[in-house]
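Engineer: Mind folding the following:
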Amino acid sequence: MSFIRKHPSERGAAAVEFALIVPILLLLVFGIVEFSRVYNVQLSLSNAAREGARAMAIENDLDVTCSTIIASAPSVSPAISAGNITISSASCVAGATVTVTISYTVSLFTGFFGAQLPLSSKGAMRCGG
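Structural biologist: Okay, here's the model as predicted:
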C-alpha cells in the first residue's frame, strides 16, 4: 500500500485555487440566473403582444386589448401598465393590420450586468378576425 504524500510547499494550494475559481463560478451562476429571467420576461412580452394584437383585431376595443395584454403576462413583475403599450390605431378596419408594441424595462437582480435592461416586443394581426 502506498500513500501519496504531499510536499510541504503544496499545503495551501487547494485553498488558493478555490479562492481564484469561486468568483468566476459565481459570475457564471449569476449570469445564468439573470439571462434566464430576462429570457422569460421577453417570452412573456412576445406572447402578450401577440394576444393583444389578436384581441384588437377581433374585439376592436382598446380597453379589452389593454386588459388582455396585462393578463397575458402574469410572470412579468412589476406588471405591464397601459403606459408600456402602444397600439398602432384606435380602431381596427377590416383588412387593415393592427400592431401592438410593448416596451418594458427589466430590473436586474445582481447589478453585475447593469441595473436595468430595456426590452421590446411587437405583435401584428390583420383586422376582422
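Engineer: All the strands of the protein, residue numbers only.
Structural biologist: Here the chain has its strands, by DSSP state E, at 85-87, 97-107, 116-126.
Engineer: and these as JSON lines, adding distance to residue 34, mean neighbour count and mean pLDDT?
Structural biologist: Where C-beta positions appear, they are placed from N, C-alpha and C, glycine not excepted. Below are these laid out as JSON lines (distance: least, Cβ to Cβ, whole Å; neighbours: other Cβ atoms under 10 Å; pLDDT from 0 to 100):
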{"stretch": "strand 85-87", "distance to residue 34": "25", "mean neighbour count": "17", "mean pLDDT": "95"}
{"stretch": "strand 97-107", "distance to residue 34": "9", "mean neighbour count": "18", "mean pLDDT": "95"}
{"stretch": "strand 116-126", "distance to residue 34": "9", "mean neighbour count": "16", "mean pLDDT": "95"}
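Engineer: Show the pLDDT at the residue nearest to residue 61 when sequence neighbours are not counted.
Structural biologist: Spatially, and ignoring its direct neighbours in sequence, residue 61 is nearest to residue 55 (8.0 Å; Cβ to Cβ, 6 or more residues apart in numbering). Per-residue pLDDT puts residue 55 at 94.
Engineer: How about residue 95?
Structural biologist: At residue 95, pLDDT is 87.
Engineer: Pretty sure it sits against residue 57.
Structural biologist: No. Using Cβ atoms under 8 Å, residue 95 is not in contact with residue 57, being 10.7 Å away.
Engineer: how distant is the helix ranked longest in the chain from the center of its chain?
Structural biologist: Taking DSSP state H as the criterion, the chain has its longest helix at helix 13-59. Offset of helix 13-59 from its chain centre (Cα atoms, centre = their mean, to the nearest Å): 7 Å.
Engineer: All set now, cheers.
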